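Visitor: Dropping a prediction and its sequence here:
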Amino acid sequence: MTVDAVFVVDASGFAADIRKIGARIRRDVSQRSFCHLRKIERIGRLVTFLGFSTAWIFPNPLSAFLIAQGMIIRFTIGHHIGHGAYDRIEGIPERYTSKCFARGWRRFIDWPEWWTHGAWLHLHNRLHHPNTQDANDADLVNPDHFRHLWLPVRYLVLAFFTITWKFSYYAPYMEQEWLRLRRGDKRVRPYEFKLGDILDIADRDVRALWVRRYLPYVAYRFVVPTLVFLPFGPAAATNVLVTVVLAELIHNAQTFICIRSSHTAPDLPMFADTGAGSRDYYVRQVLATANYNGGGDPGDILHGWTNYQIEHHLWPDATLLQLQEARAEVKAACSTRRIRYIQENVLKRYWMMSRIFLALDCQPITAIENRP
């Protein structure tokens, strides 16, 4: 493997800085963080209610957008509770802890998704976070998947995955990794998308994906709301169905743009060796991750808190409030140690990610040289 660039850093000094900040924010975890979470949760319920309260009148983008914001708030809450961000707060209801949230039947109360919470925790918490941007990372974008296609077709493929990625890519990928874990099979990388992963009903695992994952979600997200509004007439029910389908597409695009762009760009390196447990772990998280502009709850909701991806990768179990409050300290530590810290507009980062997806650019293979 050819190394394209070498970062020379004071990894030990930076690690000490980050551990000091981390120790402080962990001491500060309190009911204040939980009250902030509940506020964000209430905002999610409010925008969802407002979206549905007008969805039956006629299919409109505003209702769909509001419903999509309720969905991204559930995604944000599920993501961070799944990391145990609120487990250390004494006296909170058990449903807000990682051992209870979205487990079993609570999947459709806490975080309805195209997948189960256990499968998400395996792929995201265990296969992505410890392996950011090395060969074991489960969230790498592989441009070789579509390199053979005519460029205009690649643009269409990018648009398709942008608005459908949960259903068309991540859910079948996640299910394969989950089944592989449960069966004790060896993990194979990288994952290559195939239509058969979602359409080959003759395959037992694909049938199980539909019966256990897709159909329950489709019933919850699309069928139930339509039936609820059916007493108001077929037109009202149809309007709601069209609106929730549009909300799903908006939500997919919003999460795809925010999530995929945070680790994929020509200026975000791939690492030549595995980094889990290495002394430059914290440096890797910063160099291989991009934050987005914006701050404050409204902007953070729109980004699904991915505008704090660097801080989240440094401390996956930090609360939403702690991530907001830690960013300035992390930026200062990076500046002191001369470690690059990227924070830019999310749409600019999406375009940079798209160039990787379209095989127009590539990510450099990078090594880190530690100097005290």
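Guide: Nice, I can see it. Numbering: from 1, shown residues only.
Visitor: elements contacting the helix or strand where Ser53 lies?
Guide: Ser53 is part of helix 31-55, with elements assigned from DSSP states H and E. The contact analysis (3 or more C-beta pairs under 8 Å, 6 or more residues apart in numbering; DSSP states H and E) places helix 31-55 against helix 61-82, helix 234-260, helix 297-303, helix 320-337. Where you see a C-beta, it was placed from the backbone N, CA and C, and this is true even at glycine.
Visitor: Let's see that with 10 Å instead.
Guide: helix 61-82, helix 224-229, helix 234-260, helix 297-303, helix 320-337 (3 or more C-beta pairs under 10 Å, 6 or more residues apart in numbering; DSSP states H and E).
Visitor: Mind checking those helices for the one nearest to Cys35?
Guide: Shortest distance between Cys35 and these, using C-beta to C-beta, is found for helix 320-337: 8.8 Å.
Visitor: How about whichever helix or strand comes after that closest one, which residues are buried there?
Guide: Counting by DSSP H and E, the next helix or strand C-terminal to helix 320-337 is strand 342-344. For strand 342-344, a neighbour-count test (16 or more other C-beta atoms under 10 Å) marks 342-343 as buried.
Visitor: Please apply the same query to stretch 156-166.
Guide: Residues 157, 161-166 are the ones in stretch 156-166 that count as buried (16+ other C-beta under 10 Å).
Visitor: Show me what that stretch is in contact with.
Guide: By C-beta atoms under 10 Å, 6 or more residues apart in numbering, the residues outside stretch 156-166 that reach it are 75, 113-115, 145-146, 149-150, 168-171, 173-174, 193, 217, 248-257, 259-260, 350, 353-354, 357-358.
Visitor: now stretch 15-30
Guide: 10, 33, 85-90, 279-283, 285-286, 311, 314-315, 317-319, 321-323, 325-326, 329-330, 332-334, 336-337, 339, 370.
Visitor: and what of stretch 32-40?
Guide: Taking C-beta under 10 Å, 6+ apart as the rule, stretch 32-40 contacts 25, 31, 73, 76-77, 80-81, 85-86, 88-93, 96, 297, 300-301, 305, 318-322, 324-325.
Visitor: again, only using 8 Å
Guide: For stretch 32-40, the surrounding residues in contact (C-beta atoms under 8 Å, 6 or more residues apart in numbering) are 73, 76-77, 85-86, 89, 92, 96, 297, 301, 319-322.
Visitor: Let's see if you can find the most crowded of these.
Guide: Highest neighbour count within the contacts of stretch 32-40: Ala85, with 28 neighbours (other C-beta atoms under 10 Å).
Visitor: Over to that one. Which of the three states is it?
Guide: Secondary structure, DSSP: H, G, I helix; E, B strand; the rest coil: Ala85 is coil.
Visitor: quick one: it and Gly78, what's the gap?
Guide: 11 Å (C-beta to C-beta, to the nearest Å).
Visitor: what's the spacing between Leu151 and Arg355?
Guide: 12 Å.
Visitor: Could you list the low-confidence segments of this structure?
Guide: The chain contains residues with pLDDT under 70 at 1-5, 189-190, 275-278, 367, 369-372.
Visitor: who's in contact with the residue most central in space within it?
Guide: By C-alpha atoms, centre = their mean, the mean C-alpha position of the chain lies nearest to Ile259, the distance being 4.8 Å. Each residue near Ile259 by C-beta under 8 Å, 6+ apart is listed here: 304, 306.
Visitor: can you check Pro112 too?
Guide: 74, 217, 220-221.
Visitor: Restricted to buried residues, select the residues you listed in PyMOL.
Guide: Restricted to buried positions by 16+ other C-beta under 10 Å, the PyMOL selection for the contacts of Pro112 reads:
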select buried, resi 74+217+221
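Visitor: Sitting in helices, which of the contacts of Pro112 do you find?
Guide: 74, 217 (DSSP state H).
Visitor: Tabulate the contacts of Pro112 in JSON lines, adding columns for distance to Ala64.
Guide: Shown next, in JSON lines, are those (distance: C-beta to C-beta, whole Å):
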{"residue": "Arg74", "distance to Ala64": "16"}
{"residue": "Tyr217", "distance to Ala64": "18"}
{"residue": "Tyr220", "distance to Ala64": "17"}
{"residue": "Arg221", "distance to Ala64": "13"}
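Visitor: before we move on, the earlier item: what comes up buried for the helix holding Ser53?
Guide: Under 16+ other C-beta under 10 Å, the buried positions of helix 31-55 are 33-34, 36-37, 40, 43-44, 47-48, 50-52, 55.
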